[in-house]
Every structure is written in C-alpha cells, then in structure tokens.
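Asks: just to be clear, the model below is a prediction. Sequence and coordinates:
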Amino acid sequence: MLLREVEYARPASVDEAVALLGAHDGARALAGGQTLLNVMKARAASPDVLVDLNRLDELRAIAVRGDTLVLGAMATYTQVMQASEVEVARPILAEVVAQIADVQVRNRGTVGGNVCSSDPTNHLPPLLCALGASFTIRGAEGERTVPAEEFFLGVYMTAVGEGELLTSVSVPAAGHAADGFAAVTLGADGTCIANAAVSLQDAEPRVALGCVDAVPVLLRPAGSDDESVRAAVEAAGLQPPGDVHASAEYRRHLAGVCAVRAARQARERGGT
Ligand SMILES: Cc1cc2nc3c(=O)[nH]c(=O)nc-3n(C[C@H](O)[C@H](O)[C@H](O)COP(=O)(O)OP(=O)(O)OC[C@H]3O[C@@H](n4cnc5c(N)ncnc54)[C@H](O)[C@@H]3O)c2cc1C
C-alpha cells in the first residue's frame, strides 16, 4: 500500500528537531524507519510531518563518560555491535543487538527507535530494564532523565511525550556485574516469543522479562540460582497474551525457561 501524503523535514540540529516536533501536533520523529514506515504503510499510524533525525550526528555518538556508557538515540545496532566502548563497558548490548532480525534491519534500526516503539517483543526494552539504564529526553522545556522502570508505559507508549525527543540512553558500565540474555524466537532471525535479561551484581539480581506484558516485567529474585529465579517468575503471576505463536500458558512457561537460561549465562560469566 502506498503511503498517505506526508510532509517531510530534515533538521540540522537537535534543537531544530525539537522545535519541529513541538510546532506540529501530528509530527513524528523518523529514525531507522524499520517500524514507523511499516505502520504508516499499514495505515496504523498517519503522521502529518516526519522529522528525519538521520542528519543529526550528535545523536549517533557512543561514548564512555566516567562509569557510564552513553548510547546516542540514533546509534544503529551495527554501530553498537562494532563500538569498542560497548565491548569494554557493557558487552551484552552488542551481543543482544546482533540477534535482532537481519543485517538490513541492523544497519538501519536504532537504539532510540527500538525503545520508543516500545514493542513488547523487541529485544532492548527488557535488556535495558535489567541493566538499570536511564533515558534522556529533550523537549521545549529542557532535558530530563527517566529510569527504565518509568520509561516504558505501554505498547507503543513511552515517557517521551508530544513534542519531545529521546536523545540518549545511559547504561552503567558493567564493573563487577555479569549479564545474560535468552530468547525463544520465531525461526533463527525472527521476533521473540519470550525473552529475558538478567544482570547480577552484589547478590542483587535484576531479571527483566519481555513478551509477557505490555511493558517489561522487572523481578528481583532472592538469588540467582535456578530455583530462586524460577520461583520469582512463578510468583509474578504473569498473564501473558496468547496468539498463533504461543498460548498464554506456553509463553508463561517460556518466560521461566528464558529467565533461568539468562541467569545461568550471567553466573557463568562470574556473577553471583
Ligand atoms: C523484518 C523486521 C524484523 C524485526 N525484528 C526485530 C526483533 O527481532 N527484535 C527487535 O528488537 N526489533 C525488531 N525489529 C524492529 C527493529 O528493531 C526496528 O528498527 C525498531 O523497532 C525501530 O527502530 P527504528 O530506528 O527503525 O525506528 P523508527 O521505525 O524510525 O521509529 C519507531 C518509533 O520510534 C519513534 N522514535 C524513533 N526515534 C526516536 C527518538 N529519538 N525520540 C523519539 N521518538 C523516536 C518514531 O517516531 C516511531 O514512532 C524488526 C524490524 C523488521 C523490519
């Protein structure tokens, strides 16, 4: 299906992008376009103005500042896979984005687009919750930072409001933490049916489950051993959706399986 007619703007600075988003009620940021153009073609979204972020190199930077890894919202998955800063500071990020779809999607898809689309089957929302990431959002009033637990508000809904732009995602450098990720996907490169990310640090595991609710479910089990993780998933009383790919019951079962696998991976990497 052809796109509905839409105006197009290509700002030269973040300030200009924010001004454009604030000036038009029906304006949407365009990042990699891997989700947005598909939903526009399906007429599930019909923005009046597309504000293309692709010229904003300042949003593509990946840097380590002190003990924090800062990913520009426009950093692509391929950039994250190749960045030495990621390899040193939080290598799980490169490992997980390497599992997203195919090379074309990884070359275009961005960190910001992944989290702003807040698709419950995406890889990054649970991972960034487990890692304790925070999100920097810029609007006409200035800049604010939101923790992962408050960023994802529902399917396709986040803390980024009308007229605002996500500019970066900050992730604590691993330090003594060890991380793991596990997913069950539709085929080798396909969408997740269930996924889980685990970060272990100072005997305080953070387990985040994807695909089982509108937003990632963050759990704090008493320990990282299989029994503790499984018990925490069971106690969460998950009510996942059922669809042609997995019934609710099967998806609930997979959530426990993925969480235990991700925790084992983190333990094998030295986490407790
Ligand atoms: C065939 C295929 C398979 C895929 N499989 C997977 C998968 O297995 N796992 C996975 O995680 N993802 C998957 N995806 C989704 C892919 O990762 C997308 O790239 C991602 O969800 C959206 O990123 P994008 O940069 O393309 O954003 P866009 O499509 O350009 O934008 C998505 C949404 O985010 C908003 N947005 C983007 N950037 C910002 C910003 N900086 N500030 C405010 N709002 C912003 C846009 O306005 C839009 O509403 C798949 C996509 C395709 C096409």
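Replies: Structure received.
Asks: name the helix or strand for the closest residue to the ligand within the stretch 51-200 of the chain, please.
Replies: Nearest residue of the stretch 51-200 of the chain to the ligand: Gly113, at 2.1 Å (Cβ to the nearest ligand atom). The way it works is simple: take the backbone N, C-alpha and C, and place the C-beta from them, glycine included. Following DSSP states H and E, one finds Gly113 within helix 111-117.
Asks: got a list of contacts for that helix?
Replies: By Cβ atoms under 8 Å, 6 or more residues apart in numbering, the residues outside helix 111-117 that reach it are 29, 31-32, 34-36, 53, 59, 71-77, 80, 100, 122-125, 128, 135, 151-152, 156, 158, 160, 166, 169.
Asks: which other residues reach the one helix or strand Gly180 maps to?
Replies: Counting by DSSP H and E, the element that carries Gly180 is strand 178-185. For strand 178-185, contacts defined as Cβ under 8 Å, 6+ apart pick out 90, 92, 95-96, 99, 123, 127, 130-131, 191-201, 210, 254, 257-259, 261-271.
Asks: in the worst-scoring helix or strand of the chain on mean pLDDT, what counts as buried?
Replies: The least trusted helix or strand in the chain, going by mean pLDDT, DSSP states H and E, turns out to be helix 36-41, with a mean of 93. Residues of helix 36-41 classed as buried: Leu36, Met40 (neighbour count, 16 or more other Cβ atoms under 10 Å).
Asks: return the distance of that helix from the chain's centre.
Replies: Centroid separation for helix 36-41 versus its chain: 19 Å, with Cα atoms, centre = their mean, to the nearest Å.
Asks: circling back to that earlier point, filter the contacts of strand 178-185 down to just the ones in strands.
Replies: Residues of those located in strands (DSSP state E): Cys192, Ile193, Ala194, Asn195, Ala196, Ala197, Val198, Ser199, Leu200, Gly210.
Asks: make a markdown table out of these and add distance to Ala177 and neighbour count.
Replies: Listed next are the ones in strands among the contacts of strand 178-185 as a markdown table, based on distance: Cβ to Cβ, whole Å; neighbours: other Cβ atoms under 10 Å:
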| residue | distance to Ala177 | neighbour count |
| --- | --- | --- |
| Cys192 | 23 | 24 |
| Ile193 | 27 | 21 |
| Ala194 | 23 | 26 |
| Asn195 | 19 | 31 |
| Ala196 | 16 | 34 |
| Ala197 | 12 | 33 |
| Val198 | 10 | 34 |
| Ser199 | 5 | 28 |
| Leu200 | 6 | 26 |
| Gly210 | 19 | 29 |
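Asks: and those residues, which two are furthest apart?
Replies: In terms of Cβ to Cβ, those reach their longest pairwise distance at Ile193 and Leu200, which sit 24.6 Å apart.
Asks: Ser84: neighbour count?
Replies: 9 (other Cβ atoms under 10 Å).
Asks: look up phi and psi at it.
Replies: Backbone torsions of Ser84, given as degrees, to the nearest 10, read phi -70, psi -30.
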